[in-house]
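Engineer: next come a sequence and a model predicted from it.
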Amino acid sequence: MGVQELHALVLDATRPLAERERALNDLRGLGTRFPELAWRAAVRAPLRAALDELGLFVPTFDEDFDEAVPILDLELGKLVVWALARLRLRCVPVPKDLSACTRVAFRAALTNVTGVEPTLDVVGTLRSPIEVRVTLGPVQTSIERGDPVRDVFALLAAWAERSGTTRRPVFASNLAVWLANDVQFRAAERLGVRIERAVVRALDPLETVRAVVPGARIAPFEDHEHLDDFNDYRCALVDAACATSDRIEDVTVDGRRVTLAIDGAPVELELPRTRPRDFRELAIRIFDALAAVLEPRLGARPVLAKGDIIVLATADEYARLRDAGLLE
């Protein structure tokens with residue numbers, strides 16, 4: 001079967017989905033653009049209609065759809081999940097961390113969902129916020145570090161209740177939160193999109209680290225307390241890293257020079273000279289310098305994990321944190 005015949009088969013919505021999928025796969029062997037063009041032509045209209053039915057459609061759909069990398073799948077439910085992850089829709093993407101709630105895209109998403117432009121007040125810094133205070137119409141609330149997904153869901157729930165709308169927040173496939181009425185909720189279920197009326201609590205970074213390396217010594221680090229002074233910041237990192245072991249005592253930081261005692265034996269080292277670009281780079285450089293004296297004596301080294309958590313990790317624990325994607 002030639003390109004034209006295969007292309008026509010992909011576009012024929014009256015044919016069985018499995019047959020159309022085989023034709024799409026056959027097109028892949030005939031040139032990289034053929035399956036993509038056939039896919040876009042086949043799924044644009046039904047996907048657009050499904051998103052409209054779910055209350056997710058926005059005017060930027062065609063532009064975003066043309067620019068997004070396709071998944072070359074014709075199943076509508078999977079296409080909706082793909083769209084939630086790839087396109088700007090009338091939903092709030094699930095924030096990966098609190099810093100995601102400080103960005104222009106987050107403000108725009110809240111406006112898309114509610115029709116009201118929010119006011120955001122960031123406590124801390126944009127890179128490392130402590131909380132984000134949100135005013136959305138009559139609703140004033142805070143999104144905090146512990147569980148920003150839960151707090152965003154609660155924000156939309158409060159807005160829906162105060163605004164008198166019949167729509168309620170729903171949580172879909174760990175990708176997005178949006179406001180849906182009962183008809184839209186049933187439509188999502190019919191498409192096979194995993195959807196809930198409440199958010200399952202996201203696991204706190206500290207809980208996650210402890211689950212992966214349960215026996216490791218851990219020291220959370222509140223970096224916003226040391227933002228005004230570089231030397232204070234450096235001292236605080238050294239102190240926090242050394243606090244992960246009871247065998248380390250008498251820690252003194254004098255500029256770049258660090259003295260301490262391990263099991264009563266004195267140790268000296270020098271920290272890196274250059275000023276780093278951000279907290280992450282600073283911490284990693286300091287911890288690498290400390291590892292040179294700590295690892296031979298303790299069999300473990302300080303590392304920075306997600307959530308600004310310092311872990312005194314053995315080589316095995318380091319590998320488990322790395323494989324779990326928990327290292328900064």
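Structural biologist: Right, received. Where do you want to start? Numbers count the residues shown, from 1 in each chain.
Engineer: what about the residue nearest to the spatial centre of the chain, helix or strand, and which?
Structural biologist: Closest residue to the average C-alpha location of the chain: Lys96 at 2.2 Å, with Cα atoms, centre = their mean. Counting by DSSP states H and E, there is no helix or strand that carries Lys96.
Engineer: just the pLDDT at it, thanks.
Structural biologist: Predicted confidence (pLDDT) for Lys96: 84.
Engineer: contacts only, for it.
Structural biologist: Lys96 sits next to no residue when contact means Cβ atoms under 8 Å, 6 or more residues apart in numbering. For the C-beta atoms, the positions are set from N, CA and C on the backbone; glycine is no exception.
Engineer: and it, how far from Ala18?
Structural biologist: 36 Å (Cβ to Cβ, to the nearest Å).
Engineer: on contacts alone, who are the packing partners of the helix-or-strand element of the chain with minimal mean pLDDT?
Structural biologist: Ranked by mean pLDDT, DSSP states H and E, the weakest helix or strand in the chain is helix 3-11, scoring a mean of 71. With contacts taken as 3 or more Cβ pairs under 8 Å, 6 or more residues apart in numbering; DSSP states H and E, helix 3-11 sits against helix 17-28, helix 33-53.
Engineer: quick check: angle from the helix or strand hosting Val183 to helix 33-53?
Structural biologist: Applying DSSP H and E as the criterion places Val183 in helix 182-191. With axes from the mean of the first three to the mean of the last three Cα atoms, to 10 degrees defining the directions, helix 182-191 sits at 150 degrees from helix 33-53.
Engineer: ok, back up a step: what's the closest of the helices and strands packed on helix 3-11 to Ala198?
Structural biologist: helix 33-53 (22.4 Å; Cβ to Cβ).
Engineer: the closest one relative to helix 17-28, how many degrees between them?
Structural biologist: 140 degrees.
Engineer: now do the strands in the stretch 151-300 of the chain.
Structural biologist: 168-172, 176-180, 195-196, 217-220, 248-254, 257-262, 265-270 (DSSP state E, counting those that start in this stretch).
Engineer: returning to that earlier point: redo the helices and strands packed on helix 3-11 as TSV? Include mean pLDDT.
Structural biologist: Converted to TSV, the helices and strands packed on helix 3-11 look like this (pLDDT from 0 to 100):
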stretch	mean pLDDT
helix 17-28	74
helix 33-53	86
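Engineer: reformat those helices as a markdown table; add distance to Pro70.
Structural biologist: Converted to a markdown table, those look like this (distance: least, Cβ to Cβ, whole Å):
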| stretch | distance to Pro70 |
| --- | --- |
| helix 17-28 | 10 |
| helix 33-53 | 5 |
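Engineer: make TSV out of those and add mean neighbour count and distance to Glu317.
Structural biologist: Listed next are the helices and strands packed on helix 3-11 as TSV, based on neighbours: other Cβ atoms under 10 Å; distance: least, Cβ to Cβ, whole Å:
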stretch	mean neighbour count	distance to Glu317
helix 17-28	16	43
helix 33-53	17	44
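Engineer: closest to Val152 out of the ones you listed?
Structural biologist: Nearest of the helices and strands packed on helix 3-11 (Cβ to Cβ): helix 33-53, 20.5 Å.
Engineer: same list (the strands of the stretch 151-300 of the chain) but as CSV, adding mean neighbour count and distance to Ala300.
Structural biologist: Compiled in CSV, the strands of the stretch 151-300 of the chain are given as follows (neighbours: other Cβ under 10 Å; distance: least, Cβ to Cβ, whole Å):
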stretch, mean neighbour count, distance to Ala300
strand 168-172, 22, 39
strand 176-180, 23, 40
strand 195-196, 17, 40
strand 217-220, 15, 8
strand 248-254, 15, 11
strand 257-262, 16, 12
strand 265-270, 12, 15
